[in-house]
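[1] Predicted coordinates and the sequence they were generated for:
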Amino acid sequence: MKRYMKSLSALLLLGVFYCSFCCVAASVGPRAESTHELKQVEEVKTCDNTGHNEKVGRLSPERYLPTLSTQRTSSYQLSMDAAVQKMFDEKEVQPVVAQLAKVDAELTGFYQHYWKAYLYYYEAAFYQGVMQDKTKAEKIIDIALAELQEEVYENSDYYALLAMCTSFSIQYVNILRLGKVSADVIAYGQKALALNKANLRAYFVLASHNFHTPKMFGGMVKVEEYALKGLSCPDELESTPQAPSWGRDQLYQLLVHYYESEGRTKDLELLKKNNPHYVENHDS
């Protein structure tokens with residue numbers, strides 16, 4: 001998974017990039033973030049290993065940057081990512097098609113819907129970014145969304161994945177619907193956090209959305225807050241083999257990109273210094 005994660009990071013954020021245009025179209029659709037939500041945050045909370053929140057005062061990356069090398073990856077996550085990696089390595093969709101059949105045979109209920117949508121998301125990214133087939137990519141992301149919407153689960157990871165798939169779909173949306181779909185991304189991410197504030201995947205989607213929103217519309221003011229909160233949280237919300245644990249790689253890379261774009265060299269150096277093993281595997 002490590003070998004292709006760096007090159008794939010742009011694809012993971014591809015749909016969120018189109019949120020920039022949503023702000024221009026805000027007049028035709030509601031905005032989900034209030035003025036209060038766009039204020040610079042004066043304090044953050046970190047998550048301990050049990051998912052509980054701890055108030056730590058003013059935003060202070062020097063004190064609260066995480067150590068990433070101690071994080072775990074669930075067994076089912078590994079098998080999903082192995083199939084995705086093989087698809088990108090071989091430039092052939094068959095590994096993911098086979099994994100989809102395996103999920104259908106092995107799982108039921110929430111995790112069946114979840115992992116199928118997860119695989120479809122990456123298949124859509126593959127067609128969009130590698131095969132340059134936008135028509136196929138749009139069709140596949142619609143399948144991912146339909147998979148998630150077949151049954152609604154009051155589950156934090158459900159809403160985080162729904163937010164990510166919705167963000168990817170923005171690039172195919174009619175301009176008149178951009179504002180509404182952009183607001184949906186934020187609403188799903190906030191719903192995920194309302195259900196469990198220790199969900200790093202929800203923080204990733206919200207941080208990505210804010211990163212790709214123009215500053216004049218409130219962008220870039222919450223990226224660091226969301227990233228630091230997310231990176232301080234555990235990878236998994238449940239101690240089961242099927243539980244998702246993705247998001248840390250993407251969130252780390254987003255924070256690196258944010259510090260680079262803002263010219264915050266010292267914070268970037270500190271982030272990498274605190275995580276030498278992670279840097280070796282991702283920045284080389």
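    Now that the structure is in, tell me what you want to look at.
[2] quick one: low-confidence ranges for the stretch 1-150 of the chain?
    Counting by pLDDT under 70, the ranges of the stretch 1-150 of the chain that qualify are 1-73.
[3] give me that answer again for 50
    Under the criterion pLDDT under 50, the flagged ranges of the stretch 1-150 of the chain are 1-7, 10, 12-45, 48-70.
[4] Could I get the contacting residues of Val93?
    For Val93, the contacting residues are 87, 123, 126-127, by Cβ atoms under 8 Å, 6 or more residues apart in numbering. C-beta: built from backbone N, CA, C; applies to glycine.
[5] which one of the residues you listed is nearest Ala202?
    Of all the contacts of Val93, Glu123 has the smallest distance to Ala202: 22.6 Å, by Cβ to Cβ.
[6] Report the buried residues of the helix or strand hosting that closest one.
    Per DSSP states H and E: Glu123 is located in helix 109-129. Across helix 109-129, burial judged by 16 or more other Cβ atoms under 10 Å covers 111-129.
[7] Please apply the same query to stretch 174-183.
    Along stretch 174-183, these residues count as buried under the neighbour rule (16+ other Cβ under 10 Å): 178-183.
[8] measure Lys116 to Lys102 for me?
    Distance check for Lys116 against Lys102: by Cβ to Cβ, to the nearest Å, it reads 10 Å.
[9] Equivalent analysis for His212, please.
    34 Å.
[10] just Ile186 next, same as before
    34 Å.
[11] of the two, who's got more company?
    Neighbours around Ile186 and Lys102, counted as other Cβ atoms under 10 Å, are more numerous at Ile186. The numbers are 23 against 15.
[12] Relative to the whole chain's centre, how far out is the host helix or strand of Lys102?
    Here Lys102 sits within helix 94-106, counting by DSSP H and E. Here helix 94-106 is found 22 Å from its chain centre; the criterion is Cα atoms, centre = their mean, to the nearest Å.
[13] relative to helix 109-129, how tilted is it?
    Our comparison of helix 94-106 with helix 109-129, counting by axes from the mean of the first three to the mean of the last three Cα atoms, to 10 degrees, yields an angle of 170 degrees.
[14] which parts of helix 94-106 are buried?
    Counting neighbours by 16+ other Cβ under 10 Å, one finds that the buried residues in helix 94-106 are 95-96, 99-100, 103.
[15] Dump that helix to CSV, keeping only the CA atoms.
    Taking C-alpha atoms only, helix 94-106 is exported to CSV below (Å, rounded to 0.1, in the frame of the first residue of the first chain):
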residue,chain,number,x,y,z
GLN,A,94,-9.8,-7.3,-12.3
PRO,A,95,-8.2,-7.4,-8.8
VAL,A,96,-10.9,-5.0,-7.5
VAL,A,97,-13.6,-6.9,-9.3
ALA,A,98,-12.5,-10.1,-7.6
GLN,A,99,-12.4,-8.4,-4.2
LEU,A,100,-15.9,-7.1,-4.7
ALA,A,101,-17.1,-10.7,-5.3
LYS,A,102,-15.2,-11.8,-2.1
VAL,A,103,-16.9,-9.1,-0.1
ASP,A,104,-20.3,-10.2,-1.4
ALA,A,105,-19.6,-13.8,-0.4
GLU,A,106,-18.0,-13.1,3.0
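[16] returning to what we had before: go through the buried residues of helix 94-106 and name the one nearest Glu138.
    For those, the nearest to Glu138 is Val96 (17.1 Å; Cβ to Cβ).
[17] my guess is that closest one meets Ala82, correct?
    No: the pair formed by Val96 and Ala82 falls short of the contact definition of Cβ atoms under 8 Å, at 10.4 Å.
[18] what residue ranges in the stretch 151-284 of the chain are flagged as low confidence?
    Across the stretch 151-284 of the chain, the stretches falling below the confidence threshold (pLDDT under 50) are 284.
[19] residue ranges of the strands in it, please?
    Listed in chain order, the strands of the stretch 151-284 of the chain (DSSP state E, counting those that start in this stretch) amount to none at all.
[20] For it, which segments are assigned as helices?
    Using DSSP state H, counting those that start in this stretch, the helices of the stretch 151-284 of the chain run over residues 156-169, 178-195, 200-211, 223-231, 248-261, 265-273, 276-282.
[21] ok, back up a step: for the buried residues of helix 94-106, which one is nearest Ala137?
    Each of those was checked against Ala137 using Cβ to Cβ; the closest is Val96, at 13.4 Å.
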